[in-house]
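J.: Provide a 3D model corresponding to the input given below.
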Amino acid sequence: MGKEFLALNKVSAYHLSFAFSNEIWKEVINWDYFAKDTVGKQFVGAADSISANIAEGFGRYSKKDKVRFYRISMGSL
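T.: Have a look, this model is predicted:
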């Protein structure tokens, strides 16, 4: 029996943050131009950054590196 490793698609925090990001996109897309251009871009970028940093940290090998990306993800949240 081989050792089974955790896959990114089995990490619930990644799935939740990805779904959150998709919901933010659906909301912001309906805003008027000024709101999209000012707050919307930052809001969408921060929401996208959560799942992106979880994925980036997941792909790192050292614990210190993983934790750094997970902290960045929390900051975006």
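J.: Give me the below-cutoff pLDDT ranges for the protein.
T.: 1 (pLDDT under 70).
J.: Next up, the contacts around the residue most central in space within it.
T.: The centre of the chain sits closest to Ser51, judged by Cα atoms, centre = their mean, with a distance of 1.7 Å. By Cβ atoms under 8 Å, 6 or more residues apart in numbering, the contact set of Ser51 is 14, 17-18, 20-21, 73. Placement of C-beta: from N, CA and C, glycine included.
J.: could you dump those to CSV with distance to Gly45 and secondary structure?
T.: Listed next are the contacts of Ser51 as CSV, based on distance: Cβ to Cβ, whole Å; DSSP: H, G, I helix; E, B strand; the rest coil:
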residue, distance to Gly45, secondary structure
Tyr14, 18, helix
Ser17, 14, helix
Phe18, 15, helix
Phe20, 13, helix
Ser21, 10, helix
Ser73, 13, helix
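J.: just curious, which of these is nearest to Ala55?
T.: Among the contacts of Ser51, Tyr14 lies closest to Ala55 (Cβ to Cβ), at 6.4 Å.
J.: I'd say that closest one and Ala55 touch.
T.: Yes. The pair Tyr14 and Ala55 qualifies as a contact (Cβ atoms under 8 Å) at a distance of 6.4 Å.
J.: rewinding a little: out of the contacts of Ser51, grab the one that's most surrounded.
T.: In terms of neighbour count, Ser17 stands highest of the contacts of Ser51 at 23 neighbours, by other Cβ atoms under 10 Å.
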